[in-house]
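Peer 1: Predicted model follows, preceded by the sequence.
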Amino acid sequence: HEEDAYRELLLMTPLVIPSLSGDESLPFRPPMRFTDVQTAFESHRTQTQTQTQSKATPLSELGLSTLILELPHQEFGGKLTPWEEVLEIGTLCHTEGVKFHCDGARIFEASAGYHKSLPEVTKPFDSVYISFYKGIGALSGAMLLGDAQFCSEARTWLRRFGGNLYTLLPYAVSAWAGYRHKLGIDIEAPDNAASYTSDECERPTFRDKQEKMIRLVAMLSNENPIVPNTLSFDPPVPQT
C-alpha cells in the first residue's frame, strides 16, 4: 500500500519470506517463524554467493541489509511470532550482519500479548517503528527508534522525502495524551512505564482488552452451537 516506495525511491528489492510452517490448504496464514527466516537466508546465500566467496561470508555482504518483522501480524489476525523465536531471529540477524527492524505499529498490543514490558519487546531489534494513531488513538504520526547515529540519519532522510512538517505540536500533544489515557501512566515518570494492570488505573489496558477478546471468542465458540458452523476464529485463542 506504499506503492513500492522502497523500490522507486531507494532502488531496494524486497525479499519476501514465505511462511512454510503452516498448512497452505487453510485460508489462514501463520506468523513468521525462525525456520522461515533461516530457510530464506540460506536460499539468498545460495542464489547470490560466488565461487570465490566463503560460506561464512555474512549475508550483509551479499546484498541483504535488513529483516523486517511485524509485531503483531496485522493481516493474519494479530498473531505473534513466538517470543523465543524472535530472539533466535535476532541472533541470526546479528550473526549475518543484517539489521533487525520491528514494524511495531501495534507494539502496545504485542506487549500485552507477550506479557512483557515495552523495553523487553523492543530490546532484540536494531530499530522500531511505533504508530501513534492506532493503539493509543492519537490524531496521526509515528515514532522511529534506534541508536543515535541511526536516528540522525533518519532525520536527514525525513527531510529528503519531504516529511518535515512546519510543526509537530498537535501530533505530539495528541500522542502524549493517548499514551497517558490508553496506558494509564504518566509520560514523565519512566519508572512507571511497566504499569499495565487495571488495578493501577481506572481505564482498560491493552491486556484487559486482550483478555476480553479471549472471553468473547471462547463464549462464541463454546456456548453457541450455531457459531462453529458459520465462523472460524484464527488463532482459536486471540494472541493480542
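Peer 2: Great, that's in hand.

Peer 1: For the rest of this, base every contact and every neighbour count on C-alpha atoms.
Peer 2: Fine.

Peer 1: Do you have the helices of this structure handy? List them.
Peer 2: Per DSSP state H, the chain carries helices over the ranges 5-10, 34-48, 83-96, 107-114, 118-122, 148-160, 169-183, 206-222, 227-230.

Peer 1: If we ignore the residues flanking it in sequence, what's nearest the residue nearest the centre of the chain?
Peer 2: The residue lying closest to the centre of the chain (CA atoms, centre = their mean) is L71, at 2.6 Å. In space, and not counting its chain neighbours, L71 is closest to G104: 5.5 Å by CA to CA, 6 or more residues apart in numbering.

Peer 1: ok, the one you found - contacts?
Peer 2: By CA atoms under 8 Å, 6 or more residues apart in numbering, the contact set of G104 is E70, L71, P72, V128, Y129, I130, S131.

Peer 1: which residues are in contact with the helix-or-strand element of the chain with minimal mean pLDDT?
Peer 2: Within the chain, no helix or strand scores below helix 227-230, which has a mean of 74 by mean pLDDT, DSSP states H and E. Here helix 227-230 makes contact (CA under 8 Å, 6+ apart) with L220, S221.

Peer 1: One more: stretch 105-113?
Peer 2: Applying CA under 8 Å, 6+ apart, the external contacts of stretch 105-113 come out as 71-72, 80, 117-118, 121, 129-132, 134-135, 206-207, 210, 239-240.

Peer 1: Are any of those residues buried, and if so which?
Peer 2: 71-72, 80, 117-118, 121, 129-132, 134-135, 206-207, 210, 239-240 (16 or more other CA atoms under 10 Å).

Peer 1: In strands, which of those appear?
Peer 2: Those of the buried ones among the contacts of stretch 105-113 mapping onto strands are Y129, I130, S131, per DSSP state E.

Peer 1: Okay, the last one and Q49: tell me how far apart.
Peer 2: Per CA to CA, to the nearest Å, S131 is found 37 Å from Q49.

Peer 1: what's the answer for F206, then?
Peer 2: Distance from F206 to Q49, by CA to CA: 45 Å.

Peer 1: what bits of the chain have low per-residue confidence?
Peer 2: By pLDDT under 70, the weakly predicted segments of the chain are 1, 20-27, 51-52, 184-203, 224.

Peer 1: if we go to 50?
Peer 2: For the chain, applying pLDDT under 50 flags the ranges 192-201.

Peer 1: list the buried ones in stretch 213-220?
Peer 2: Those would be M213, I214, V217, A218, for stretch 213-220 by 16+ other CA under 10 Å.

Peer 1: actually stretch 32-41, not the one I typed
Peer 2: M32, R33, F34, D36, V37, Q38, A40, F41.

Peer 1: from the contacts of G104, which is closest to L158?
Peer 2: The shortest gap between L158 and any of those belongs to Y129, at 13.9 Å (CA to CA).

Peer 1: Next, count neighbours for L62.
Peer 2: 16 (other CA atoms under 10 Å).
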